[in-house]
Structures are given as structure tokens and as C-alpha cells.
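1. based on what follows, work out the 3D shape:
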Amino acid sequence: MKRNRTAKLEAGKFRLINEMLYTSNSSDSLELFQKDPEYFNIYHQGFTNQISSWPVNPISLVESEIRRLSKNDKWAIADLGCGQGQLALNLKDKQNLTVFSYDLVSSREDIIACDISNLPLHKQKIDCAVFCLSLMGTNHVNMVIEAHRVLKNQGILIVAEVATRFNQKDFIRDMLLIGFKNIKTIIPNSFFSLFVFRKIKPSGSVPSKLLDPCKYKKR
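-> Numbering: from 1, shown residues only. Below is the predicted model:
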């Protein structure tokens, strides 16, 4: 009974932090996590528990696409909102790939703590950028624009997102306005979709949002 109560309490904390991340500016989330990194730990434990119940882990599909697209070329990859840096660990066997991992809190020496809407990178330095369930702030459009800035011309952007957050047609159209052409879409199940984009020139006005926030029903 005590274990069940503890699990429910931790799940409740995760839902509250999760909703906060979706409905706050990333700079505010950065400030919160810097003040108390335990919030970050609670969130990622809850995130791990949630993803473990899905039939496919999104990071596995991201990894497969990077292996397929990069072949044996030397690539610099930016994992934006990397969590505990699993992508970098999964790709350690590929000597031609260098993964730079970024998130609000650094849980390992190789993870850089920052706001991913303001990356410590010069423009056009990255071959591939990844958002794996990490476009969470109210300023998520700025995060995508920042990815466009740091990507090389014709660079690759991979986005995995919860299916309930978007209309696929609208999302692909709005990404094109920012300067990302959809070249592949994978819908493995009803939980999430994965999009592969290529960087091109922006083609219109920047949309105010790309994705709806994830919200949990009140219990």
C-alpha cells in the first residue's frame, strides 16, 4: 500500500511539472530547474515510466533515421532537450558521429545545461538537430527557429512528438514557413509521430505556434 501511495504521489508530481513545462516559457523552466534540480529528476523519472509503456520508444526511431541518413559521413548532431542523453549513448559506436546534448539540467558531464531556444552554438555548425518529445515551452517556435540557425544548409531536423499535439497537415505546412521541408513521416502507433525535415529558406510569416500543449485532466 505504501509503495502504491508513493507511486501515485510521484506520478502526480510528474503531471504537474509536465504541464508547467508545456505552459511556461523555457527561460522560466530553466530558472526553476536551476533552483531545484530535483524537479528535473522527478520529471525524467516520470517521463521514463510513461515511455516504457509505449510499444516503441521514439528515441529508437530517431537513432535509426540518423544511422540511415548519415551513412558514413561525419555528422555533428545537436540533441535538443536530450533528457538523460540516451541518444548520445546509443550512437557511441558510430565514430563518424558527434552528438552534442543540451537540456535545462546537466545530468552528465557531456550534457550542456542551457535554454534550447538560445543555444551556445555558432550558426550553420550542425548537420542534424533533434527534438525528441522536447518542444515543450510556450516559445517552442523560437526553439525551431534556433535549430534552423545552427543547422547547415540542407541540414536535417528530426522531430518526434505526441500525436495529440498537432494536426499533421498543418504542422508540416507551418514548418515549411519556418524553413523546414518534410521529407519523411513515420506514424508507428497512436502515441507519437516522427518527422524528418530538410533545412531550406523560410517561405512565409512565422506561425505563432506549431503544437498544442499536453494537459492532463484534473483528478
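2. where in this structure is pLDDT low?
-> By pLDDT under 70, the weakly predicted segments of the chain are 1-11, 215-219.
3. quick one, domains of it?
-> Per automatic domain parsing, the domain ranges recorded for the chain read 2-51, 58-199.
4. could you dump the ones you listed into a markdown table with mean neighbour count and distance to residue 207 added?
-> Where C-beta positions appear, they are placed from N, C-alpha and C, glycine not excepted. Formatted as a markdown table, those follow (neighbours: other CB atoms under 10 Å; distance: least, CB to CB, whole Å):
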| stretch | mean neighbour count | distance to residue 207 |
| --- | --- | --- |
| domain 2-51 | 16 | 17 |
| domain 58-199 | 19 | 4 |
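5. make CSV out of those and add distance to residue 206.
-> Formatted as CSV, the domains of the chain follow (distance: least, CB to CB, whole Å):
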stretch, distance to residue 206
domain 2-51, 17
domain 58-199, 6
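6. phi and psi next, for residue 203.
-> Per-residue torsions, residue 203: phi -120, psi 10 (degrees, to the nearest 10).
7. pretty sure it sits against residue 175.
-> No - Residue 203 lies out of contact with residue 175 (CB atoms under 8 Å); the separation is 10.2 Å.
8. next one: residue 82 from residue 130, what distance?
-> Using CB to CB, to the nearest Å, residue 82 is found at 8 Å from residue 130.
9. likewise residue 168?
-> In this view, residue 168 and residue 130 are 19 Å apart by CB to CB.
10. residue 148 now?
-> Taking CB to CB as the measure, residue 148 and residue 130 are separated by 14 Å.
11. just residue 13 next, same as before
-> 27 Å.
12. residue 79 sits in which helix or strand?
-> Here residue 79 sits within strand 75-80, counting by DSSP states H and E.
13. other residues contacting stretch 47-67?
-> Residues from elsewhere that reach stretch 47-67 (CB atoms under 8 Å, 6 or more residues apart in numbering): 11, 14, 18, 75, 77, 83, 86-87, 90-91, 94, 97, 128, 130, 132-133, 158, 160, 184, 186, 188-189, 191-192, 194, 196.
14. the same query, at a cut-off of 6 Å, please.
-> 86-87, 90, 130, 132, 158, 160, 188-189, 191-192, 194, 196 (CB atoms under 6 Å, 6 or more residues apart in numbering).
15. all helices for the chain, in order.
-> Under the criterion DSSP state H, helices of the chain are mapped to 2-23, 26-35, 38-51, 58-70, 86-90, 140-150, 168-178.
16. okay if I get those helices as TSV plus distance to residue 114?
-> As requested, the helices of the chain are exported to TSV (distance: least, CB to CB, whole Å):
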stretch	distance to residue 114
helix 2-23	15
helix 26-35	8
helix 38-51	13
helix 58-70	20
helix 86-90	16
helix 140-150	11
helix 168-178	21
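17. among these, which comes closest to residue 213?
-> helix 2-23 (3.6 Å; CB to CB).
18. list the contacts of the lengthiest strand in the chain.
-> Using DSSP state E to define each element, the chain has its longest strand at strand 151-162. Applying CB under 6 Å, 6+ apart, the external contacts of strand 151-162 come out as 58, 62, 65, 69, 124, 126-133, 147, 180, 192, 194-199, 214.
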